[in-house]
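Build me a model from this:
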Amino acid sequence: MAGNLYLLSFLVLFIGFSPNSGLARKNHKHRDIDDQCPPSPHPLGMCKARVAAYGYPCEEYTVTTEDGYILSIKRIPYGLKDADNSTRNSTGNPRPPVLLFHGLMVDGFSWVLSTPKQSLGFILADGGFDVWIANNRGTNSSRGHTSLSTKDPAYWDWTWDQIAEHDLPAVLQFVYDNTGGQRVHYIGHSLHKLLHLVRSAVLLCPIAYLNRMKSKLVRLAAHVFLAETVRMLGAVAPPVASKKPVHVLLHDSSIARDLLTQVCTDPEVDCYDLFAAVGGPDCCLNTSTTCIFLQHGPQSTSVKTLIHLSQMVRKEGVRRYDYGNEKENMKHYNQSRPPLYKLSDIPNHVPLFLTHGGEDFLGDLPDTRHLLRTLVRQHDTDNIEVLYMPDFAHGDFVMGYNAPELIYKPMVEFFKRH
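Numbers count the residues shown, from 1 in each chain. Have a look, this model is predicted:
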């Protein structure tokens, strides 16, 4: 595989919490958010609840991966000013397709959280692009499977290795096939074996190396084997009625809530401001956007994914999932240790646009600069651009009120150059 790197661009770990939970935000610029936010998400899906509500066209598709997962894809084929000429942009050419791929424990809604002037999905549609929004396996709109039920533990037997190996290629191929064979601009957190279909790639606050991250909450959770503890509690002594092992981590899981409550007793972890505790002190969020985010996240993920995350935090390098013993690793990888993802496999001719922030706790400066040095050293200098935002934390890149001017505008200009 070429470019088999799963970069987490919007890693969100607000596990087991809602705006009205016992650990909701206090003493922060969003201090009353638990009282201001509606208690539950809109009953309609993204197209009806958000996109069509602003007058944009929205189409819904499904694609089936090689391993049987049925994924939901949303499409905004054109913007508000282009209803009479939906298939072509202002130059008379077919609209170039853009694929938006979300991060961990959120879904495609993260690209349309705010108003049309603030949300990247709408901005791209109004900018002349054909916008496609992916939803990974396990999220609310992508829970289908050709043979498995979500109640079956086998359904949740995956980590982001499988998302990179199966979900992204299936969605990317689908977009390519349904836009007349046009190569696709990609925004998100991975590159993969189908890079011949990728026209360019944007990585928002990319995360590959995690062993030096500044988030004390995530580090502590990883070092006390949070994910492994969830599995153990589910298999041995679950504090809920079910006696089955826990394979899926839900946003309302009492197990996840109990475990993170324990983590939050550490005096160095400020769980009263979860955005800052996980992603760093944001500079530019507003209450309305944050409320909408909390209505739609966190989304469900597999326990195996969080085990993989904890492995990356505790160990150096970007490796595939470690099965914990040489026999199992040999079975899956034909070697005793899980293989490294090779950044050198990313073709140096693929245009890359990378952004990162000085206040980002997940993609902290030492780890991100190590990633950037690796990429810049081997990449064609004419095909890589790096935008550093010293005041931005992790959430600001997707939800910041000034992101349209500071991040999305140069991103659109990058796409138009390539």
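
Now do the strands in the stretch 201-350 of the chain.
Using DSSP state E, counting those that start in this stretch, the strands of the stretch 201-350 of the chain run over residues 248-249, 301-302.

which of those strands has the lowest average pLDDT?
When those are ranked by mean pLDDT, strand 248-249 comes last with a mean of 64.

how about Leu124, secondary structure?
Of the three states, Leu124 takes helix under DSSP: H, G, I helix; E, B strand; the rest coil.

Surely it touches Leu99?
No: with contact defined as C-beta atoms under 8 Å, Leu124 does not count as touching Leu99 (10.5 Å). For every residue, glycine as well, the C-beta is placed using N, CA and C.

Quick one: residues contacting Val386.
Each residue near Val386 by C-beta atoms under 8 Å, 6 or more residues apart in numbering is listed here: 354-356, 372, 376.

and of the residues you listed, the nearest to Glu413?
Within the contacts of Val386, the smallest distance to Glu413 is 13.3 Å, found for Thr355 (C-beta to C-beta).

give me the number of residues near the nearest residue to the closest one once chain neighbours are set aside?
Spatial nearest neighbour of Thr355, excluding adjacent residues (C-beta to C-beta, 6 or more residues apart in numbering): Leu387 at 4.5 Å. As a burial measure, Leu387 scores 18 neighbours (other C-beta atoms under 10 Å).

Leu387 and Ile407 touch, don't they?
Yes: with contacts counted by C-beta under 8 Å, Leu387 reaches Ile407, the gap being 7.1 Å.

Common neighbours of those two, please.
Counting by C-beta under 8 Å, 6+ apart, the contacts common to Leu387 and Ile407 are Thr355.

Helices along the stretch 301-418 of the chain, start to end?
Counting by DSSP state H, counting those that start in this stretch, one finds helices in the stretch 301-418 of the chain at the ranges 303-314, 326-333, 365-378, 396-399, 403, 409-417.

And the ones you listed: which comes nearest Tyr56?
Proximity to Tyr56 (C-beta to C-beta) singles out helix 409-417 among the helices of the stretch 301-418 of the chain, at 17.0 Å.

Summarise which helices and strands that closest one is packed against.
Where contact means 3 or more C-beta pairs under 8 Å, 6 or more residues apart in numbering; DSSP states H and E, helix 409-417 is packed against strand 198-204, strand 352-357.

so of these, which one's packed in deepest?
Ranked by mean neighbour count, those are led by strand 352-357 with a mean of 25 (mean count of other C-beta atoms under 10 Å).

contact partners of that strand?
Taking C-beta under 8 Å, 6+ apart as the rule, strand 352-357 contacts 200-206, 280, 346, 363, 365, 368, 372, 375, 379, 383-394, 396-397, 407, 410-411, 414.

Just the terminal-to-terminal distance for stretch 401-408.
End-to-end distance for stretch 401-408: 11 Å, by C-alpha to C-alpha, to the nearest Å.

cool, and stretch 168-187?
This stretch, stretch 168-187, spans 12 Å end to end (C-alpha to C-alpha).
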